[in-house]
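Q: Fold the following.
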Amino acid sequence: MLAPPLALLCALLLAASIVPTRQLVAQGTPSFPGGWLGRWTGTLTTYAPPDSVRNSLPITLEIAREAAGQGFQWRTVFNADTVRGVRAYRLLVRDSVRGHYATDEGNGLLLEETFIAGSLMSVFEVGGRVLESRYTLRADTLTHDITWWSATPTTTTRGEGANSEGGATVRSYRVEGRQRAVMTRAPAPNP
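A: Residues are numbered from 1 along each chain as shown. Down below sits the predicted model:
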């Protein structure tokens, strides 16, 4: 028999897999990536534990269909610096039915992405740090949240008794930082 937390997780995953994607779109979730197109502006803030703000700067994100091909331009400008602050990435469609995408950074780096429950997410490791990137669109606000932690666990434990995840090894990681950009869609220019 599954431990109660694990049984609950399995039940939730089963329930989530039953809801058709069309039902989520019908509830007001914009289609992805088509409903995300446009120019987004806002502020990016980087935090360190427990609540110190490391920096805060303006950010712009432009999402557009590519003229040729099936990808999307995903161009970010940090601090209004159109030279050193530009990240001209591409969002590649791998399998939209399954929510599989990839971000091509244009420098040989390719990050696997998954669109799930209204968010575009990726998890990757670089320089001994694991990063989780999550873009979420709610109403007129697009949020890009990145959280990072060391790839080395701070503790490793094994539970015993009830609610112990069946004695499985559990590794815990301490979050080292968070970067959050909150953006709103800029009005379309008048022709």
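Q: Number of residues surrounding Arg87?
A: 14 (other C-beta atoms under 10 Å). In short, each C-beta sits where N, CA and C put it, glycine included.
Q: what does Ser52 give?
A: Counted with other C-beta under 10 Å, Ser52 comes out at 8.
Q: In the sheet, which residues pair with it? Tell me.
A: For Ser52, the beta-bridge partners under DSSP bridges are Ala48.
Q: what about Met64, neighbour count?
A: Careful, residue 64 is Ala and not Met. Neighbour tally, Ala64, other C-beta under 10 Å: 13.
Q: residues touching the residue nearest the centre of the chain, list them.
A: When C-alpha atoms, centre = their mean is applied to the chain, the residue found nearest the centroid is Arg134 (1.4 Å). Contact analysis of Arg134 by C-beta atoms under 8 Å, 6 or more residues apart in numbering lists Ser119, Leu120, Met121, Thr143, His144, Asp145, Ile146.
Q: which ones are touching the first one?
A: I take that to be Ser119. Taking C-beta under 8 Å, 6+ apart, we find Ser119 in contact with Arg134, Tyr135, Thr136.
Q: per-residue pLDDT, it?
A: You'll see Ser119 listed with a pLDDT of 97.
Q: Quickly list what it is bridged to.
A: Those that pair with Ser119 in a beta bridge, by DSSP bridges, are Ile116, Thr136.
Q: helix or strand right after the host helix or strand of Thr147?
A: Using DSSP states H and E, Thr147 sits in strand 141-150. Following strand 141-150 in sequence order, the next helix or strand is strand 155-158 (DSSP H and E).
Q: Run through the residues that contact the nearest residue to Leu111 once chain neighbours are set aside.
A: Once flanking residues are discounted, Leu111 sits nearest to Thr103: 4.5 Å by C-beta to C-beta, 6 or more residues apart in numbering. Shown in contact with Thr103 (C-beta under 8 Å, 6+ apart): Trp74, Tyr89, Arg90, Leu91, Leu92, Leu110, Leu111, Glu113, Ser122.
Q: Surely the last one and Glu113 touch.
A: Translated: Ser122. Yes. Counting by C-beta atoms under 8 Å, Ser122 touches Glu113, with 4.7 Å between them.
Q: neighbour count winner among these two?
A: Per other C-beta under 10 Å, whichever of Ser122 and Glu113 has more neighbours is Glu113, with 21 against 17.
Q: Tell me the pLDDT of that one.
A: For Glu113, the predicted pLDDT is 98.
Q: what about it, distance to Ala162?
A: Using C-beta to C-beta, to the nearest Å, we find Glu113 at a distance of 38 Å from Ala162.
Q: Kindly report the same for Glu66.
A: Counting by C-beta to C-beta, the gap from Glu66 to Ala162 is 54 Å.
Q: So between those two, which is more surrounded?
A: Glu66 (12 against 7).
Q: Over to the more buried one: give its phi and psi.
A: Note on Glu66: backbone dihedrals following degrees, to the nearest 10 are phi -70, psi 150.
Q: That's all I had, so thanks and see you.
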